[in-house]
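Enquirer: The following comprises the amino acid sequence and a computationally predicted model.
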Amino acid sequence: MTAVSGIMPTGRLTLGNHLGALRRFTDRGGFYFVADLHAMTMRHVPRRLAALTRETATLMLAAGSPPGTVFVQSDVPAHAQLGYLLECTSYVGELSRMIQYKEKGRDRPMTRASLFTYPCLMAADILLYGTDRVPVGDDQDQHVELARDLAIRFNREYGETFVVPQVVKAALATRVRDLATPTAKMSKSDADDAVGTIRLLDPPDVIRRQVMRAVTDSENEVRHDESAKPGVTNLLEILAACTGGDPVQLASGYSGYGALKSDVADAVLSVIEPLQREYAVLASDPATVDELLAHGRDRAIEASAPRLRAAQSAMGLGVSR
Ligand code: ATP
Ligand code: MG
């Protein structure tokens with residue numbers, strides 16, 4: 001299976017992005033990209049986009065992804081090219097039913113057309129590399145289903161071209177919650193000063209303070225219980241994800257919240273500090289970062305070219321001889 005996965009440069013990366021994505025970018029045959037094209041489906045500021053693209057790419061390299069696996073989506077034109085071909089394969093009706101579009105864009109006059117067609121570009125991300133299984137969180141299920149439908153439809157109408165991907169539930173589906181609002185997901189596009197969001201590149205003392213101030217409840221009983229104790233449960237899940245333990249068993253080792261928070265802070269920093277050190281080395285050497293990204297770009301261009309060409313010719317594009 002070829003792993004393909006993207007991170008949008010829509011904010012400074014969080015602990016959630018690391019535990020749920022970054023640290024799993026380990027497949028030597030993988031394609032891991034900064035999804036800058038996807039980051040333009042909502043209002044954006046060009047300078048901020050460019051800065052976040054560099055920061056995100058550098059973090060992806062610092063996290064230890066294998067050589068040649070990291071690139072910037074817009075550096076590989078095949079993504080946008082195939083995205084357009086897939087727009088010509090999809091229907092307005094099915095795109096209108098996408099939950100993300102319904103929630104973020106429908107009935108708003110300033111909604112960008114790209115938010116509407118976003119699932120076609122995401123289908124291109126997946127189909128370009130011949131991936132047969134796509135591990136995603138629940139929020140992306142519907143988009144991968146669409147990629148499947150488009151691949152099947154394309155193959156039927158224009159001839160066998162794409163591998164039809166399967167949706168697989170992400171194993172170990174870590175979903176880090178916001179420390180201040182533990183019923184909500186931690187997201188990098190939350191406000192820059194949101195106290196519940198742990199940013200991978202924040203100073204360690206700031207991160208420790210955030211963990212110590214995490215919202216819990218008034219019981220002072222450490223128990224894994226998603227619905228009754230979302231704050232404590234989130235802390236246990238984070239501790240487990242950072243130390244490799246089991247969140248339910250870990251609970252029995254604590255009699256109060258203070259000790260739990262202090263251990264969570266230590267565990268989080270033991271994961272984040274080495275990453276910050278690697279990041280600092282790379283960030284001080286932009287030429288090396290450029291070189292590594294060029295390597296990833298060239299490999300992705302080479303890997304995606306045959307399938308793009310096959311799709312173009314199957315659809316009758318270009319002058320035939
Ligand atoms: P945005 O708010 O812009 O959507 P995000 O933090 O949700 O930002 P994405 O770019 O949408 O990040 O997703 C990048 C990767 O990080 C995906 O693989 C996604 O599943 C993972 N991810 C995002 N948030 C979390 C989280 N809280 N816990 C675990 N994984 C997460
Ligand atoms: Mg997201």
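Expert: Cool, got the structure. As the structure is a prediction and not an experimental result, all values here were calculated from the model. Residues are numbered from 1 along each chain as shown. Ligands and ions are numbered 1, 2, ... in the order given.

Enquirer: can you pull the buried residues of the helix ranked longest in the chain?
Expert: Longest helix in the chain, counting residues (DSSP state H): helix 286-314. For helix 286-314, a neighbour-count test (16 or more other C-beta atoms under 10 Å) marks 289, 292-293, 296-297, 299-300, 303-304, 307-308, 311, 314 as buried. Using the backbone N, CA and C atoms, a C-beta is placed for each residue, glycine as well.

Enquirer: Same question for stretch 259-275.
Expert: Going by 16+ other C-beta under 10 Å, stretch 259-275 has these buried residues: 260, 261, 263, 264, 265, 267, 268, 269, 271, 272, 275.

Enquirer: Output the contacting helices and strands for the helix or strand hosting the first one.
Expert: Following DSSP states H and E, the helix or strand that holds residue 260 is helix 257-283. Contacts of helix 257-283 with other secondary structure elements, assessed using 3 or more C-beta pairs under 8 Å, 6 or more residues apart in numbering; DSSP states H and E, are made with helix 15-20, helix 46-62, helix 204-212, helix 230-243, helix 286-314.

Enquirer: is ligand 1 contacted by that helix?
Expert: No. Shown here: helix 257-283 not in contact with ligand 1 (C-beta under 6 Å from any ligand atom), separated by at least 13.2 Å.

Enquirer: circling back to that earlier point, between the helices and strands packed on helix 257-283, which one is nearest to residue 196?
Expert: helix 204-212 (7.5 Å; C-beta to C-beta).

Enquirer: Run the angle between the closest one and helix 257-283 for me.
Expert: Helix 204-212 runs at 150 degrees relative to helix 257-283, counting by axes from the mean of the first three to the mean of the last three C-alpha atoms, to 10 degrees.

Enquirer: Run the chain-centre distance for helix 204-212.
Expert: 24 Å (C-alpha atoms, centre = their mean, to the nearest Å).

Enquirer: Make JSON lines from the buried residues of helix 286-314 and add distance to residue 195 to it.
Expert: Shown next, in JSON lines, are the buried residues of helix 286-314 (distance: C-beta to C-beta, whole Å):
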{"residue": "289", "distance to residue 195": "31"}
{"residue": "292", "distance to residue 195": "34"}
{"residue": "293", "distance to residue 195": "33"}
{"residue": "296", "distance to residue 195": "35"}
{"residue": "297", "distance to residue 195": "37"}
{"residue": "299", "distance to residue 195": "40"}
{"residue": "300", "distance to residue 195": "38"}
{"residue": "303", "distance to residue 195": "42"}
{"residue": "304", "distance to residue 195": "41"}
{"residue": "307", "distance to residue 195": "45"}
{"residue": "308", "distance to residue 195": "45"}
{"residue": "311", "distance to residue 195": "47"}
{"residue": "314", "distance to residue 195": "52"}
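
Enquirer: could you redo these as a markdown table and give each row pLDDT and distance to residue 166?
Expert: Converted to a markdown table, those look like this (pLDDT from 0 to 100; distance: C-beta to C-beta, whole Å):
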| residue | pLDDT | distance to residue 166 |
| --- | --- | --- |
| 289 | 98 | 34 |
| 292 | 98 | 31 |
| 293 | 98 | 30 |
| 296 | 98 | 26 |
| 297 | 98 | 28 |
| 299 | 98 | 24 |
| 300 | 98 | 22 |
| 303 | 97 | 20 |
| 304 | 97 | 20 |
| 307 | 97 | 18 |
| 308 | 98 | 22 |
| 311 | 98 | 20 |
| 314 | 97 | 22 |
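
Enquirer: Next to ligand 1, which bits of the stretch 1-150 of the chain? Give me the list.
Expert: By the rule C-beta under 6 Å from any ligand atom, the part of the stretch 1-150 of the chain lying against ligand 1 is 5, 7, 8, 10, 11, 14, 16, 17, 19, 20, 21, 137.

Enquirer: what about the strands in the stretch 1-150 of the chain?
Expert: Counting by DSSP state E, counting those that start in this stretch, the stretch 1-150 of the chain has strands at residues 4-7, 31-34, 70-72, 133-136.

Enquirer: most packed of those strands?
Expert: strand 31-34 (a mean of 27; mean count of other C-beta atoms under 10 Å).

Enquirer: What mean pLDDT does that strand get?
Expert: Mean per-residue pLDDT for strand 31-34: 97.

Enquirer: mind checking how far it is from the chain centre?
Expert: For strand 31-34, the distance to the chain centre is 9 Å (C-alpha atoms, centre = their mean).

Enquirer: before we move on, what about stretch 87-101?
Expert: 21 Å.

Enquirer: coming back round to it: pipe the residues of the stretch 1-150 of the chain next to ligand 1 into JSON lines and attach pLDDT per row.
Expert: Below are these laid out as JSON lines (pLDDT from 0 to 100):
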{"residue": "5", "pLDDT": "92"}
{"residue": "7", "pLDDT": "96"}
{"residue": "8", "pLDDT": "97"}
{"residue": "10", "pLDDT": "97"}
{"residue": "11", "pLDDT": "97"}
{"residue": "14", "pLDDT": "97"}
{"residue": "16", "pLDDT": "94"}
{"residue": "17", "pLDDT": "94"}
{"residue": "19", "pLDDT": "92"}
{"residue": "20", "pLDDT": "88"}
{"residue": "21", "pLDDT": "89"}
{"residue": "137", "pLDDT": "70"}
